[in-house]
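Novice: sequence unknown, structure follows:
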């Protein structure tokens, strides 16, 4: 169901406004509130994992933050400017989106798909720098060996890595200001090795390039291992927001999933490790 309306209330040091933010965001579909009075910040240099049960509103929130829901644009701002004031071509140089569902029948090679990420920067006239960025993004996501293959011949996991490379190329560099990477279930189609590699890559982009990263992640232990911050969404509202330790140990998490939860410390990573079973 497509959301029908939204209502809301009004290298160098970063400004306080250099973030992707929503304030009092509400998104509805008919009589149902998909997102209910949510305020959230995606900050440069931080990887935020958005977690929550199925139907919590995670993808709707990501789409609102990306500018994909027109009615949400008054409630969402990028680097201090409401999305409705940012032309689409400029916004495409500031944030990139890896959607949950990608077209699988494209008659483009993997290299051509990744190169599309640079289009907002060159407007149809790619230079050597754009081509070099596309190659570097493909190498980073391990899809350089499939550069000349048609996307329609790739597996779901391979396609996911190609589209991640496209998103990375889109915000690699070239536009002043903070940049943001929005990932909707980026590891859903990947094997366990690539789940770790992709989330490690996202965290590295956040920390080394001062990119603000938001990733929807269903595996709570993967989220806790790689994210700096967890935001728990349930029934369209934020129920917990804090460090992985704080959120995994919160009563709100057990409530949202209907679980009995215990948190351990992984001796190898010093990160929290969740052990959970259905509540009695």
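Specialist: Perfect, I can see it now. Keep in mind that this is a model prediction, so the values were computed, not measured. Residues are numbered from 1 along each chain as shown.
Novice: quick check: next helix or strand after the helix or strand in which residue 222 is found?
Specialist: Here residue 222 sits within helix 220-226, counting by DSSP states H and E. Per DSSP H and E, the first helix or strand lying C-terminal to helix 220-226 is strand 229-234.
Novice: what packs against that following strand?
Specialist: In terms of contacts (3 or more Cβ pairs under 8 Å, 6 or more residues apart in numbering; DSSP states H and E), strand 229-234 is packed against strand 47-51, strand 237-242, helix 244-248, helix 251-257. Yep, even glycine has a C-beta here, placed from its N, CA and C like the rest.
Novice: just send these back as TSV, with mean neighbour count, mean pLDDT and distance to residue 71 too.
Specialist: Shown next, in TSV, are the helices and strands packed on strand 229-234 (neighbours: other Cβ atoms under 10 Å; pLDDT from 0 to 100; distance: least, Cβ to Cβ, whole Å):
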stretch	mean neighbour count	mean pLDDT	distance to residue 71
strand 47-51	26	98	20
strand 237-242	18	98	19
helix 244-248	21	96	29
helix 251-257	17	95	26
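Novice: quick one: closest of those to residue 107.
Specialist: strand 47-51 (33.2 Å; Cβ to Cβ).
Novice: give the other helices and strands that whichever helix or strand comes after that closest one contacts.
Specialist: Heading C-terminal from strand 47-51, the first helix or strand you meet, by DSSP H and E, is helix 58-66. Applying 3+ Cβ pairs under 8 Å, 6+ apart, one finds that helix 58-66 contacts strand 20-29, strand 32-42, strand 47-51, strand 95-98, strand 179-184, strand 211-216.
Novice: helices or strands up against the helix holding residue 222?
Specialist: In terms of contacts (3+ Cβ pairs under 8 Å, 6+ apart), helix 220-226 is packed against strand 47-51, helix 192-209, helix 244-248, strand 272-278.
Novice: so residue 253 sits against residue 244, correct?
Specialist: No: in this structure, residue 253 is not within contact of residue 244 by Cβ atoms under 8 Å, at 10.7 Å.
Novice: residue 35 is nearest to which of the helices and strands packed on strand 229-234?
Specialist: When the helices and strands packed on strand 229-234 are compared for distance to residue 35 using Cβ to Cβ, the nearest one is strand 237-242, at 8.1 Å.
Novice: pull up the pairing partners for the closest one, direction included.
Specialist: strand 229-234 (antiparallel) (DSSP bridges).
Novice: in the partner strand, which residues are buried?
Specialist: For strand 229-234, a neighbour-count test (16 or more other Cβ atoms under 10 Å) marks 229, 230, 231, 232, 233, 234 as buried.
Novice: what do you get for stretch 96-115?
Specialist: Quick answer for stretch 96-115 (16+ other Cβ under 10 Å): 96-100, 102, 106, 109-115.
Novice: run the chain-centre distance for that stretch.
Specialist: For stretch 96-115, the separation from the chain centroid amounts to 16 Å (computed by Cα atoms, centre = their mean, to the nearest Å).
Novice: ok, stretch 91-101 next?
Specialist: Here stretch 91-101 shows a centroid-to-chain-centroid distance of 8 Å under the convention Cα atoms, centre = their mean.
Novice: make 5 the first number, not 1, from now on.
Specialist: With 5 as the first residue, the last one maps to stretch 95-105.
Novice: for that stretch, measure first residue to last.
Specialist: Using Cα to Cα, to the nearest Å, the end-to-end distance of stretch 95-105 comes to 21 Å.
Novice: residue 155 contacts residue 114, correct?
Specialist: Yes: contact between residue 155 and residue 114 holds when scored by Cβ under 8 Å: they sit 6.0 Å apart.
Novice: which neighbours do the two share?
Specialist: Common contacts of residue 155 and residue 114 (Cβ atoms under 8 Å, 6 or more residues apart in numbering): residue 166.
Novice: what pairs with residue 269 across the strands?
Specialist: Beta-bridge partners, per DSSP bridges, of residue 269: residue 276.
Novice: how far away is it from residue 276?
Specialist: Distance, residue 269 to residue 276, using Cβ to Cβ, to the nearest Å: 7 Å.
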